[in-house]
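**Student:** Everything below, folded, please.
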Amino acid sequence: MTVPECLDEAIEHWERLAGGTRLPSEDVGALHCPLCEQLGCEHCPVAEFTGAPSCNLGPYSDAALARKRFGLDSPQFLEAAKEELIFLKRIRDCLQITTGRQKY
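**Tutor:** Below is the predicted model of the structure:
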């Protein structure tokens with residue numbers, strides 16, 4: 001799977017989480033992330049975008065904390081999930097502009 005395909009799948013995942021329409025087995029974390037599963041941190045566009053070795057500097061950490069504290073169906077988590085979704089879409093848009101997806 002290519003980086004753009006993984007990023008698109010991650011966006012779809014966070015659209016479901018943020019919209020309260022997650023699949024029964026869907027959750028937050030590396031085991032549920034197409035980017036983590038397929039690419040690992042070293043090839044992840046989030047790491048490239050932030051310059052950090054993991055997702056912890058982006059809005060993901062707020063979503064993970066809200067999930068732990070309040071649960072996946074809480075307003076706090078849904079709001080944090082929306083921020084992660086916006087962030088991933090911004091990364092996708094930047095990759096399309098700067099690379100025309102040719103880099104991957």
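**Student:** got a list of what residue 3 touches?
**Tutor:** 39, 43, 45, 95, 104 (CB atoms under 8 Å, 6 or more residues apart in numbering). To be clear about C-beta, it is placed using only N, CA and C from the backbone, and glycine gets the same treatment.
**Student:** Take these and write them to a markdown table, including distance to residue 32, secondary structure and neighbour count.
**Tutor:** Below are the contacts of residue 3 laid out as a markdown table (distance: CB to CB, whole Å; DSSP: H, G, I helix; E, B strand; the rest coil; neighbours: other CB atoms under 10 Å):
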| residue | distance to residue 32 | secondary structure | neighbour count |
| --- | --- | --- | --- |
| 39 | 14 | helix | 21 |
| 43 | 18 | helix | 13 |
| 45 | 17 | helix | 22 |
| 95 | 22 | helix | 19 |
| 104 | 22 | coil | 14 |
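**Student:** Make JSON lines from those and add distance to residue 66 to it.
**Tutor:** Formatted as JSON lines, the contacts of residue 3 follow (distance: CB to CB, whole Å):
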{"residue": "39", "distance to residue 66": "25"}
{"residue": "43", "distance to residue 66": "27"}
{"residue": "45", "distance to residue 66": "23"}
{"residue": "95", "distance to residue 66": "27"}
{"residue": "104", "distance to residue 66": "31"}
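**Student:** from those residues, which single one is nearest residue 24?
**Tutor:** Minimum distance to residue 24 across these is 25.2 Å, recorded for residue 39 (CB to CB).
**Student:** Just list the residues touching the closest one, thanks.
**Tutor:** By CB under 8 Å, 6+ apart, residue 39 lies in contact with 3, 6.
**Student:** Next: residue 77.
**Tutor:** Per CB under 8 Å, 6+ apart, neighbours of residue 77: 17, 63, 66-67, 70-71.
**Student:** Got a quick PyMOL command for the buried subset of these?
**Tutor:** Typed into PyMOL, the line below selects the buried ones among these, using 16 or more other CB atoms under 10 Å:
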select buried, resi 17+63+66+67
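**Student:** of the contacts of residue 3, closest to residue 84?
**Tutor:** Of all these, residue 45 has the smallest distance to residue 84: 13.7 Å, by CB to CB.
**Student:** That closest one and residue 69: what is the separation?
**Tutor:** 28 Å (CB to CB, to the nearest Å).
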